[in-house]
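*Asks:* what would the 3D arrangement of this be:
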Amino acid sequence: MVNAGYIANSTIAHNSIHRLSYDGIQFGWGWGQDTFAGAVTVANNSIDGVLGYHADGGNIYSQSPMHNSTITGNWLQHDGNRYGMIYTDGASEISIADNVLNHGNVRCAAVPSDIAVF
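*Replies:* Prediction:
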């Protein structure tokens, strides 16, 4: 698992993450509280078979405003989630585009209306 917490001006890219009991990539904590976090790119990762035990996250999971951040070009499959492969509980200001989502248990992205999904 990649756990990045409160980060800014960072890139999480080119990771191969497989068979985990919880999330693949977590970034931006705070459950909706605004912080300095932002300008994060999560790109070109391969995540397969996460949430084998827990069910309250996602292949990619974020929980706070992530000013000018992007989730793009990721290969996501086989999550054990009830929410979605990309789960943004309390997150905002993230652009989600050009990800491949394969064999998820539910809809592919669970996002609030202020996150742009292309």
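
*Asks:* switch to C-alpha atoms for all contacts and neighbour counts from now on
*Replies:* Noted.

*Asks:* next one: A43 from L76, what distance?
*Replies:* 11 Å (Cα to Cα, to the nearest Å).

*Asks:* make that Y6, sorry
*Replies:* For Y6, the distance to L76 - Cα to Cα - is 23 Å.

*Asks:* so for these two, which residue has more residues nearby?
*Replies:* More crowded of Y6 and L76, by other Cα atoms under 10 Å: L76, with 27 against 16.

*Asks:* after the helix or strand hosting the more buried one, which helix or strand is next?
*Replies:* For L76, the host element (DSSP states H and E) is strand 75-77. Next helix or strand after strand 75-77 toward the C-terminus (DSSP H and E): strand 86-88.

*Asks:* list the contacts of F36.
*Replies:* Shown in contact with F36 (Cα atoms under 8 Å, 6 or more residues apart in numbering): 6-8.

*Asks:* same thing but 7 Å
*Replies:* A8 (Cα atoms under 7 Å, 6 or more residues apart in numbering).

*Asks:* so how far is N9 from it?
*Replies:* 10 Å.

*Asks:* remind me, longest strand of the protein?
*Replies:* In terms of residue count, the longest strand belonging to the chain (DSSP state E) is strand 65-72.

*Asks:* what's that one in contact with?
*Replies:* By Cα under 7 Å, 6+ apart, strand 65-72 touches 28, 32-34, 37-44, 91-99.

*Asks:* what's the ChimeraX line that selects buried ones from the residues you listed?
*Replies:* Those of the contacts of strand 65-72 that count as buried under 16 or more other Cα atoms under 10 Å are selected in ChimeraX with:
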select :28,32,34,37,38,39,40,41,42,43,44,91,92,93,94,95,96,99
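
*Asks:* and the contacts of strand 65-72, which of them are in helices?
*Replies:* Judged by DSSP state H, helices contain none of the contacts of strand 65-72.

*Asks:* return the subset of the contacts of strand 65-72 lying in strands.
*Replies:* Checking these against DSSP E, those in strands are 38-43, 92-97.
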